[in-house]
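Novice: Here is my input; please provide its structure:
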Amino acid sequence: MFDKDHPKSWYAATVDLPAPLPELVGPVRCDVCVVGGGYTGLSAALYLAEAGLDVVLLEASRLGSGASGRNGGQIHSGQRRDQDWLEAQTGLDNAKALWRLAEDAKGHLYALIARLGIVCDVRPGLIVADHKPGYVAHSHAYAKKLNEVYDYPDAAPLSREELRALVGSDAYHGGMIDHGGGHLHPLKLALGLARAAQDAGARMFERSRALTVTEGAKVSVTTAKGVVEADWVLECGDGLQDGLDRRVDRYVMPIANYIAATEPLGGRARDVIANGAAVADSRFVVNYYRLSPDGRLLFGGGESYTRRLRSDPGAFVRPYMLKIFPQLADVRIDYGWGGLLGITMTRMPFVRKLSPRVLTAAGYSGQGVMLAPYFGMILAEAVAGQLGRFDLLAGLPVPAFPGGPVMRWPLLAAGLTYYALRDRF
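Specialist: Reported below is the predicted structural model:
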């Protein structure tokens, strides 16, 4: 079922979208105003409402219609950057703390799905596939490091032969498998969180884009037809709130990513991914893919460094898919869609207290399925004065983009194009 605010994705085609919620009209008073109806905002609204606070959530479009309802659905372990990088940047003790926090986030996700009874097609397993032979030794050493240093038994190395037995492609030389990772239906997760937050008492308004945030004795958020006055504001719009707050725009910027869904593959599906795990490869512009419950290949590939989405996402993704699976040249693409996600310079999330009453969590850089619901809970904790986990995240190394909000686009596009070219050699 589609509407004008959801892409014509396989995700939207496999859910019953709820009726639209009202637009904000006129003044409203509340304890906490949440900006953004994706995983972070919905989770924060849920926990705040369950704690008895009066919560208003503003969504520019439909709940879950942004990256939270369009992404690849992959559940990765750890942060977006690996533990080697975190150790070098923050020291071993902090790297271990960040690993534990990420494991807590994964456990939180699974527990939240179970507690709320969200049916979102959770399946186990995530394969990391190395597209260059020189990467394999590091992947094997990294799996061992996770086992021994981080007491994580679910990572295991894969030889070229072992990987080839799981992934029907000659494009890879080995890698590792994370039995603790997995994948799910992201839009079902978002809509389940929305229902739970509403049931807990959060007031939600759709098609109510936040235009300004003004701070005084209270914090005011204006929309086209209304204004919310609150004690706290949580800015949770990620890449889609670009332009709302320059204090966030300096550190987070949106990029476009694309996914295609094939026709059902029938008996050929197991020849593509034998164990039903999700797969992400080692390219800087990563290819990521998995099988849907009805046997389609959902393949994500390619980026564009612009706010405007391509009009032909299926055709754009298809060459990336065929480079990995040339045997699918005869397979029809039934759905293609794109979305905007927020990234940071270091690919680490941007979690900050912007002022005494304005907090933000954004810039998940592709790791939002696991982290964002947990970070929504951490924002709710911070409102209640529990700052331990918030302060750990606020200390992550996230430098501003060079050139500020205006120049970040051309400078980043030049840098990312270089890395994209490097992937080919």
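Novice: Pull the contacting residues for residue 69.
Specialist: 6, 9, 11-12, 38, 186-187, 190-191 (C-beta atoms under 8 Å, 6 or more residues apart in numbering). Where C-beta positions appear, they are placed from N, C-alpha and C, glycine not excepted.
Novice: does residue 112 really touch residue 370, like I thought?
Specialist: No. The criterion here is C-beta atoms under 8 Å, and residue 112 misses it with residue 370 at 11.1 Å.
Novice: picking up where we left off before, which one of the contacts of residue 69 has the most neighbours?
Specialist: Among the contacts of residue 69, the one with the most neighbours (other C-beta atoms under 10 Å) is residue 38, at 32 neighbours.
Novice: roughly how far apart are the residue nearest to the spatial centre of the chain and residue 257?
Specialist: Geometric centre of the chain, nearest residue: residue 368, 2.6 Å, by C-alpha atoms, centre = their mean. Separation of residue 368 from residue 257 (C-beta to C-beta, to the nearest Å): 12 Å.
Novice: what's the weakest-modelled helix or strand in this protein?
Specialist: The helix or strand of the chain with the lowest confidence, counting by mean pLDDT, DSSP states H and E, is helix 404-423 at a mean of 54.
Novice: just to revisit the earlier point, which of residue 112 and residue 370 has more residues huddled nearby?
Specialist: More neighbours surround residue 370 than the other of residue 112 and residue 370, with 27 against 21 (other C-beta under 10 Å).
Novice: I'd assumed residue 109 was in contact with the more buried one.
Specialist: Yes. With contact defined as C-beta under 8 Å, residue 370 counts as touching residue 109 (5.6 Å).
Novice: Could you tell me which residues touch both of these two?
Specialist: By C-beta under 8 Å, 6+ apart, residue 370 and residue 109 have these common neighbours: residue 75.
Novice: Any chance you could give me stretch 351-367 in PDB, C-alpha atoms only?
Specialist: Taking C-alpha atoms only, stretch 351-367 is exported to PDB below (Å, rounded to 0.1, in the frame of the first residue of the first chain):
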ATOM      1  CA  VAL A 351      25.200  13.200  20.100                       C
ATOM      2  CA  ARG A 352      25.300  16.600  21.800                       C
ATOM      3  CA  LYS A 353      23.600  19.000  24.200                       C
ATOM      4  CA  LEU A 354      23.200  21.900  21.900                       C
ATOM      5  CA  SER A 355      22.100  24.100  24.800                       C
ATOM      6  CA  PRO A 356      20.700  23.500  28.300                       C
ATOM      7  CA  ARG A 357      17.300  22.500  26.900                       C
ATOM      8  CA  VAL A 358      18.100  21.200  23.300                       C
ATOM      9  CA  LEU A 359      19.600  17.800  22.700                       C
ATOM     10  CA  THR A 360      20.300  15.900  19.400                       C
ATOM     11  CA  ALA A 361      21.300  12.500  18.200                       C
ATOM     12  CA  ALA A 362      22.000  12.100  14.500                       C
ATOM     13  CA  GLY A 363      24.500  11.100  11.900                       C
ATOM     14  CA  TYR A 364      24.300   7.300  12.300                       C
ATOM     15  CA  SER A 365      26.000   6.800   8.900                       C
ATOM     16  CA  GLY A 366      24.200   3.600   8.000                       C
ATOM     17  CA  GLN A 367      24.200   2.100  11.600                       C
END
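Novice: Please give the number of neighbouring residues around the closest residue to residue 379 other than its chain neighbours.
Specialist: Nearest residue to residue 379, sequence neighbours excluded (C-beta to C-beta, 6 or more residues apart in numbering): residue 44, at 4.7 Å. For residue 44, the count of nearby residues is 32 (other C-beta under 10 Å).
Novice: quick one: residue 44 and residue 273, what's the gap?
Specialist: Taking C-beta to C-beta as the measure, residue 44 falls 34 Å from residue 273.
Novice: How about residue 161?
Specialist: For residue 161, the distance to residue 273 equals 16 Å [C-beta to C-beta].
Novice: ok, now residue 167?
Specialist: In terms of C-beta to C-beta, residue 167 sits 6 Å off from residue 273.
Novice: So for those two, which residue has more residues nearby?
Specialist: Neighbour count, other C-beta under 10 Å: between residue 167 and residue 273, residue 167 has more, with 25 against 22.
Novice: how about that one, what does it touch?
Specialist: 127, 129, 272-274, 279.
Novice: And it, how far from residue 315?
Specialist: 24 Å.
Novice: try residue 195
Specialist: Separation of residue 195 from residue 315 (C-beta to C-beta): 35 Å.
Novice: Those two: who's more crowded?
Specialist: Comparing residue 195 with residue 315 by neighbour count (other C-beta under 10 Å), the higher total belongs to residue 195, at 17 against 13.
Novice: Ramachandran angles for the residue with the largest distance to the centre of the chain?
Specialist: Centroid-distance maximum for the chain: residue 217 at 34.0 Å, with C-alpha atoms, centre = their mean. Taking degrees, to the nearest 10, you get phi -60, psi -40 for the backbone angles of residue 217.
Novice: same question, residue 159
Specialist: Backbone torsions of residue 159, given as degrees, to the nearest 10, read phi -70, psi 170.
Novice: where along the stretch 151-300 of the chain do the helices fall?
Specialist: 160-166, 186-199, 246-249, 269-272 (DSSP state H, counting those that start in this stretch).
Novice: Ranking these by mean neighbour count, which comes first?
Specialist: helix 186-199 (a mean of 24; mean count of other C-beta atoms under 10 Å).
Novice: just checking, what packs against it?
Specialist: Here helix 186-199 touches helix 10-13, helix 39-50, helix 92-116, strand 203-205, helix 368-383, going by 3 or more C-beta pairs under 8 Å, 6 or more residues apart in numbering; DSSP states H and E.
Novice: Kindly reformat the ones you listed as TSV containing distance to residue 360.
Specialist: Output for those, formatted as TSV (distance: least, C-beta to C-beta, whole Å):
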stretch	distance to residue 360
helix 10-13	26
helix 39-50	9
helix 92-116	18
strand 203-205	19
helix 368-383	8
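Novice: Can you tell me which of those is most buried?
Specialist: helix 39-50 (a mean of 29).
Novice: by contact count, what packs against that helix?
Specialist: Under the contact definition 3+ C-beta pairs under 8 Å, 6+ apart, helix 39-50 sits against strand 26-35, strand 55-58, helix 186-199, helix 368-383.
Novice: Which among the ones you listed is found nearest to residue 140?
Specialist: When these are compared by C-beta to C-beta, helix 368-383 sits nearest residue 140, at 23.8 Å.
Novice: can I get the CA coordinates of that closest one in CSV?
Specialist: The C-alpha trace of helix 368-383 is given here as CSV (Å, rounded to 0.1, in the frame of the first residue of the first chain):
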residue,chain,number,x,y,z
GLY,A,368,20.8,3.5,12.6
VAL,A,369,18.7,0.3,12.7
MET,A,370,20.5,-0.9,15.8
LEU,A,371,21.7,2.4,17.3
ALA,A,372,18.8,4.9,16.8
PRO,A,373,16.1,3.2,19.0
TYR,A,374,18.7,2.9,21.8
PHE,A,375,19.8,6.5,21.3
GLY,A,376,16.2,7.6,21.6
MET,A,377,16.1,6.0,25.0
ILE,A,378,19.4,7.7,25.9
LEU,A,379,18.0,11.1,25.0
ALA,A,380,15.0,10.3,27.2
GLU,A,381,17.4,9.4,30.0
ALA,A,382,19.2,12.7,29.6
VAL,A,383,15.9,14.6,29.9
